[in-house]
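Novice: No sequence on hand, only this structure:
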């Protein structure tokens with residue numbers, strides 16, 4: 001069954017070059033790579049879970065800001081660079097072992113727990129610049145209106 005799906009995915013890959021829109025072609029290539037690596041492509045497409053993308057993004061950023069507070073450094077830049085290194089290490093070494101867990105192991109450091117929950121909420125930023133943008137925003141708590149089922153998030157810029 002899995003071999004059949006992989007063959008189908010490989011065959012469809014031959015036709016990706018015929019897609020005229022470069023962005024669509026790149027998206028299909030990334031989704032195919034996710035599938036081959038055992039990663040749920042719904043995250044890349046913004047379709048994972050039943051909650052909205054803005055809520056997941058706010059949750060991810062909240063945990064990243066918590067992780068940033070745990071990084072030691074003489075300056076904000078040093079702390080951001082330290083967080084970037086921790087994210088790289090986490091994604092390459094730890095996340096592949098933990099991706100199926102619903103909670104981080106009990107003996108895990110607070111920093112790694114924050115990265116675990118941030119990754120659970122969404123894709124972690126891959127560049128220093130993205131981390132700077134996240135650090136420049138203060139995330140307000142998520143407010144759920146009791147009168148309706150709407151959820152609102154209003155990040156404020158410092």
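Specialist: It's in. Everything numeric here is computed off the predicted structure, so don't read it as measured data.

Novice: rest of the way, CA atoms for contacts and neighbours
Specialist: Fine.

Novice: The nearest residue to residue 71 once chain neighbours are set aside: helix or strand, and which one exactly?
Specialist: Closest residue in space to residue 71, ignoring its immediate chain neighbours: residue 79 at 5.6 Å, by C-alpha to C-alpha, 6 or more residues apart in numbering. Secondary structure assignment for residue 79, by DSSP states H and E: helix 76-89.

Novice: Quick check: next helix or strand after that helix?
Specialist: Per DSSP H and E, the first helix or strand lying C-terminal to helix 76-89 is helix 95-98.

Novice: residues near residue 91, how many?
Specialist: 19 (other C-alpha atoms under 10 Å).

Novice: what comes up buried for stretch 70-82?
Specialist: By 16 or more other C-alpha atoms under 10 Å, the buried positions in stretch 70-82 come out as 71, 79-82.

Novice: The residues you listed: which two are farthest apart?
Specialist: Greatest spatial distance among the buried residues of stretch 70-82 (C-alpha to C-alpha): 71 and 81, at 9.5 Å.

Novice: and for those two, which residues touch both?
Specialist: Shared contacts of residue 71 and residue 81 (C-alpha atoms under 8 Å, 6 or more residues apart in numbering): none.

Novice: Which secondary structure elements does the lengthiest helix in the chain sit against?
Specialist: In the chain, ranked by residue count with DSSP state H as the criterion, the top helix is helix 53-70. Judged by 3 or more C-alpha pairs under 8 Å, 6 or more residues apart in numbering; DSSP states H and E, helix 53-70 is in contact with helix 76-89, helix 110-121, helix 128-135.

Novice: among the ones you listed, which is nearest residue 21?
Specialist: Nearest of the helices and strands packed on helix 53-70 (C-alpha to C-alpha): helix 128-135, 26.0 Å.

Novice: Packing partners of that closest one?
Specialist: helix 53-70, helix 76-89.

Novice: Swap in 10 Å and give it another go.
Specialist: Contact partners of helix 128-135 among helices and strands, from 3 or more C-alpha pairs under 10 Å, 6 or more residues apart in numbering; DSSP states H and E: helix 53-70, helix 76-89, strand 156-157.

Novice: Between the buried residues of stretch 70-82, which sits nearest residue 106?
Specialist: Distances from residue 106 to the buried residues of stretch 70-82, taken by C-alpha to C-alpha, are shortest for residue 71, at 20.3 Å.

Novice: just for the protein, where's the confidence low?
Specialist: In the predicted model, the chain carries pLDDT under 70 at residues 1-3, 5-6, 8-9, 13-14, 16-17, 36-40, 43, 46-52, 138-158.
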